[in-house]
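Q: sequence first, then the predicted structure:
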Amino acid sequence: MPWPDLVTLTGAHARLEPLNHGHAKALAEAVKDGELWRLWYTTVPTAQGMEAEIERRLGLREQGSMLPFAVIDLASGDPVGMTTFMNIDAANRRVEIGSTWYRKSVQRGPINSECKLMLLRHAFETLDCIAVEFRTHFFNHQSRRAIERLGAKLDGILRSHIRMADGTLRDTCVYSILAAEWPAVCSHLTWQLERGREG
């Protein structure tokens, strides 16, 4: 099996469980909340494209480059989004947390922060990663602020890095958290969640 192994991670607000086709119907409904696919600077599946997106992510899992999760809201029991470990580099113990989206009604609440905390804890404390990356569009200011609130540092900007669906070229902001920084980041995220800070 590819590294990392399949795992389910559970917190106080959310559960991350390995993505499968059984999540498709609920995720297709979730993505309609806010019509997230209309944001030009992100790549979020449409409701009609959800099955294909799940198949794509599972294919990347088979290749060893992604570990995809469905995000389950414990209050409702429903899937409310997706996230992944991606661009997995097993030899160098590095992963990126990305390809993440949440339905609008749970954004800016505790679920995102808790999911990031669970993924980072698993990456550093179980998988012994040396670094965890985050990447986002230069113009995705909401995502950049959220990544910076985690305590990640900007490594640089990859200019004209990716061609978007509308034909524009994406400048990609690359952030990372290093293993040595994890204890402080963990304390900060835990403090935010205990005080109900926005994620």
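A: Sure thing, it's come through.
Q: in this structure, what spans have low per-residue confidence?
A: Judged by pLDDT under 70, the chain has its weakly predicted residues at 40-41, 197-199.
Q: show me where it has strands.
A: In the chain, strands defined by DSSP state E lie at 9-10, 14-18, 66-73, 78-89, 94-102, 131-137, 153-163, 169-178, listed in chain order.
Q: so which of the ones you listed is the most packed in?
A: strand 66-73 (a mean of 24; mean count of other C-beta atoms under 10 Å). Glycine gets a C-beta too; all of them are placed from N, C-alpha and C.
Q: ok and that strand relative to strand 94-102, angle-wise?
A: If you take axes from the mean of the first three to the mean of the last three C-alpha atoms, to 10 degrees, strand 66-73 sits at 40 degrees to strand 94-102.
Q: ok, back up a step: and the strands of the chain as JSON lines, adding distance to A28?
A: JSON lines is the format used below for the strands of the chain (distance: least, C-beta to C-beta, whole Å):
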{"stretch": "strand 9-10", "distance to A28": "23"}
{"stretch": "strand 14-18", "distance to A28": "17"}
{"stretch": "strand 66-73", "distance to A28": "12"}
{"stretch": "strand 78-89", "distance to A28": "10"}
{"stretch": "strand 94-102", "distance to A28": "13"}
{"stretch": "strand 131-137", "distance to A28": "24"}
{"stretch": "strand 153-163", "distance to A28": "25"}
{"stretch": "strand 169-178", "distance to A28": "26"}
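Q: from A123, how far out is G156?
A: Using C-beta to C-beta, to the nearest Å, one obtains 21 Å as the distance from G156 to A123.
Q: before we move on, back to that, out of the strands of the chain, which gets nearest to V44?
A: strand 94-102 (4.7 Å; C-beta to C-beta).
Q: for that closest one, packing partners?
A: When contacts are defined as 3 or more C-beta pairs under 8 Å, 6 or more residues apart in numbering; DSSP states H and E, strand 94-102 packs onto strand 66-73, strand 78-89, helix 110-121, strand 131-137.
Q: looking at these, which is nearest to W182?
A: Evaluated over these, closeness to W182 peaks at helix 110-121, with 6.9 Å, by C-beta to C-beta.
Q: show me what counts as buried in the closest one.
A: Within helix 110-121, the residues that qualify as buried by neighbour count (16 or more other C-beta atoms under 10 Å) are P110, I111, N112, S113, E114, C115, K116, L117, M118, L119, L120, R121.
Q: what is the neighbour count of the residue nearest to V7 when sequence neighbours are not counted?
A: Among residues not flanking V7 along the chain, H122 sits closest, at 6.7 Å (C-beta to C-beta, 6 or more residues apart in numbering). The tally of other residues near H122 (other C-beta atoms under 10 Å) stands at 19.
Q: H122 reaches G11, doesn't it?
A: No - between H122 and G11 no contact is recorded; they are 11.4 Å apart, counting by C-beta atoms under 8 Å.
Q: for the residue of the chain positioned farthest from its centre, give its distance to S105.
A: Here the centre of the chain is the reference, and by C-alpha atoms, centre = their mean the most remote residue is G167, at 24.0 Å. In this structure, G167 and S105 are 31 Å apart, going by C-beta to C-beta.
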